[in-house]
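Peer 1: Just the structure for this:
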Amino acid sequence: YKLTLHHNKLSSLDRDLFYWQEELSYLDLSNNLLTALPPTIFQRTIALRTLDLSNNLIQELPDTLFSKLINVKTLYIASNGLESVSPRLFENTGSIERLRLSNNRLTSVDPETFSQMTYLVDLNLANNLITTLSDGDFKNMSSITVLSLARNQISSIDENVFKNLENINTIDLSGNQITTIHPNYFSRLGKLEILHLDDNHITDIESGSFQGTFKLLYLGLHYNRLSSLRPRLFEDCRELNPLSLSYNHFQDLDRDFFEGLGTLRNLYLDGNQIGGLPGNVFKDMWELRRIDLQNNDIRTIYRDSFYELRDLEDLNLSNNSISSLAEYCFEKLFGLISLDLSDNELVSITSENVFYGLNKLSGIKLSGNSLTDLAESSLTDVLDTLKTLELLKLMFDSTFVTMDQIRNIAEYWIYQNDTPKSYRKDFKESF
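Peer 2: This is a model prediction of the structure:
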């Protein structure tokens, strides 16, 4: 049976409180004011499968506290004040599958602490004070699938620390102080699907770092200090989507950065310092659906900057320094639906071929520029498909469409049941 005592003001428990609770399977003592537990309090609760001690004020746990919990599957000790955990604490709890020790003050991982947990699948050590990961810290833990070490102070990682985690699916190392990714950290982790490396101090990812990670689906590298990538770094990441490189220190992009990412669909490069887009920089990335390049320093879009990205649907170039658009610069983006050029430095768009070929475009944002000249001919290729009130407002302000024409377009949208989102509210605000 279950016993829940959470969200009370318990500060201590009698050592015999659960003496006659031999059939107790679920016990929740979370969110109390417990500072310590009697060593024998769980001596008779041998049927216990779930124990939650999280969100208390416990700073130390007796070595023998869990010695009789041979059937426990889930153990939560998160959000206490633990500074260390004795290896003896888990000697007889080899049945544990989920263990949370997050939000404590642990400074290290003792190699023997988890050595008996051969059934452990989920280990959470996030929000502690761990600085180093050493070889052997996770030995005998081949069953583990989810490992979180997020928001610690990790700056040193031995190269083979994860090598025995042959079934690992998710590793979260975000919010640490890692500076370099070495080849042996994750290579050959053939079942790894999710890898969080964001919010570190990473300046270099060595060649071969993702070798053998054939099933990697998500890679978070945002909020680091990367300024370049080694060629073919991701060539084994055939299932990767998305790739987040936002808020790093990229100034230039090289087409070698993205070699091997032919199946990537979503690429995030926002918040860098990118000044230009060389021709064919996204070459062979045929599957791309979204590119986010907002908040950079891009000045010009050239004809071959996005050449032949036929399936691209969403392109965000907002908040850059774009002052000119070359003719045919979006040529062959046949699938593009949304184009954001807002908050740039465009003064005029006069070429009739700027938006050539954008036959599916339904939204274009040009607000926040300094447009004084917008030629009607430049919009010839997109007027039949555009459904954005913002563009209509811009055209109206530029005096080459009348209010009557705008009403006719709006009536056609309504007739086709194809109005923009929040149409009625936005129409009143715009006109």
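
Peer 1: OK, contacts around the spatially most central residue of the chain?
Peer 2: Note on the chain: the residue nearest the mean C-alpha position is G220, at 4.9 Å, using CA atoms, centre = their mean. Counting by CB atoms under 8 Å, 6 or more residues apart in numbering, G220 makes contact with S174, L195, H196, L197, D198, S244. In short, each C-beta sits where N, CA and C put it, glycine included.

Peer 1: any idea how far it is from L53?
Peer 2: Counting by CB to CB, to the nearest Å, the gap from G220 to L53 is 31 Å.

Peer 1: Kindly report the same for I301.
Peer 2: For I301, the distance to L53 - CB to CB - is 57 Å.

Peer 1: in the stretch 51-200 of the chain, which segments are predicted with low confidence?
Peer 2: Across the stretch 51-200 of the chain, nothing is flagged by pLDDT under 70.

Peer 1: how about the helices in it?
Peer 2: Ranges of helices in the stretch 51-200 of the chain, per DSSP state H, counting those that start in this stretch: none exist.

Peer 1: Likewise for the stretch 251-400 of the chain?
Peer 2: 389-397.

Peer 1: Quick one: the strands in it, in order.
Peer 2: 266-268, 290-292, 300-301, 314-316, 324-325, 338-340, 348-349, 363-365, 373-374 (DSSP state E, counting those that start in this stretch).

Peer 1: and D284, how many neighbours?
Peer 2: 13 (other CB atoms under 10 Å).

Peer 1: pretty sure it contacts G262?
Peer 2: Yes - using CB atoms under 8 Å, D284 is in contact with G262, at 5.3 Å.

Peer 1: Now for G175: which residues touch it?
Peer 2: A150, R151, N152, D198, D199, N200.

Peer 1: any idea how far the closest residue to it other than its chain neighbours is from I130?
Peer 2: Leaving aside its sequence neighbours, G175 sits nearest to R151 (CB to CB, 6 or more residues apart in numbering; 3.8 Å). Applying CB to CB, the value for R151 to I130 is 10 Å.

Peer 1: got it, and R265?
Peer 2: For R265 relative to I130 (CB to CB), the value is 35 Å.

Peer 1: Leaving aside the residues adjacent along the chain, what's closest to T35?
Peer 2: Nearest one to T35, counting by CB to CB, 6+ apart, is L57 at 4.8 Å.

Peer 1: That neighbour is in contact with S30, isn't it?
Peer 2: No - using CB under 8 Å, L57 is not in contact with S30, being 12.0 Å away.

Peer 1: For these two, indicate the residue with more neighbours.
Peer 2: S30 (21 against 13).

Peer 1: Three-state assignment for that one, please.
Peer 2: Judged by DSSP: H, G, I helix; E, B strand; the rest coil, the three-state class of S30 is coil.

Peer 1: Would you check that it makes contact with N55?
Peer 2: Yes - proximity of S30 to N55 meets the contact threshold set by CB under 8 Å, at 5.1 Å.

Peer 1: Show the contacting residues for Y268.
Peer 2: Contacts of Y268 by CB under 8 Å, 6+ apart are H222, P242, L243, S244, L245, S246, D292.

Peer 1: Let me know how buried the residue nearest to D110 when sequence neighbours are not counted is, in neighbour terms.
Peer 2: Excluding the flanking residues, the one nearest D110 by CB to CB, 6+ apart is P87, at 5.3 Å. Neighbour count for P87, taken as other CB under 10 Å: 14.

Peer 1: what sits against P87?
Peer 2: D110, E112, T113, S115.

Peer 1: Could you measure from it over to F162?
Peer 2: 20 Å.

Peer 1: same check, this time on K73
Peer 2: 24 Å.

Peer 1: same question, L69
Peer 2: Taking CB to CB, one finds L69 at 28 Å from F162.

Peer 1: what do you get for E23?
Peer 2: 40 Å.

Peer 1: Compare the two and say which is more crowded by neighbours.
Peer 2: F162 (25 against 10).

Peer 1: how much space between that one and N169?
Peer 2: Distance from F162 to N169, by CB to CB: 12 Å.

Peer 1: related to what we said a few turns ago, name the nearest of the contacts of P87 relative to K9.
Peer 2: Minimum distance to K9 across those is 31.3 Å, recorded for T113 (CB to CB).

Peer 1: What values do phi and psi take at the closest one?
Peer 2: With angles defined as degrees, to the nearest 10, T113 sits at phi -60, psi -40.

Peer 1: Now it. Nearest residue, chain neighbours left out?
Peer 2: P87 (5.0 Å).

Peer 1: do L216 as well
Peer 2: C237 (4.8 Å).

Peer 1: Based on its surroundings, how many neighbours for that neighbour?
Peer 2: Neighbour count for C237, taken as other CB under 10 Å: 22.

Peer 1: outside of stretch 45-60, which residues touch it?
Peer 2: Contacts for stretch 45-60 (CB under 8 Å, 6+ apart): 6, 18, 21-37, 42, 68-83, 100.
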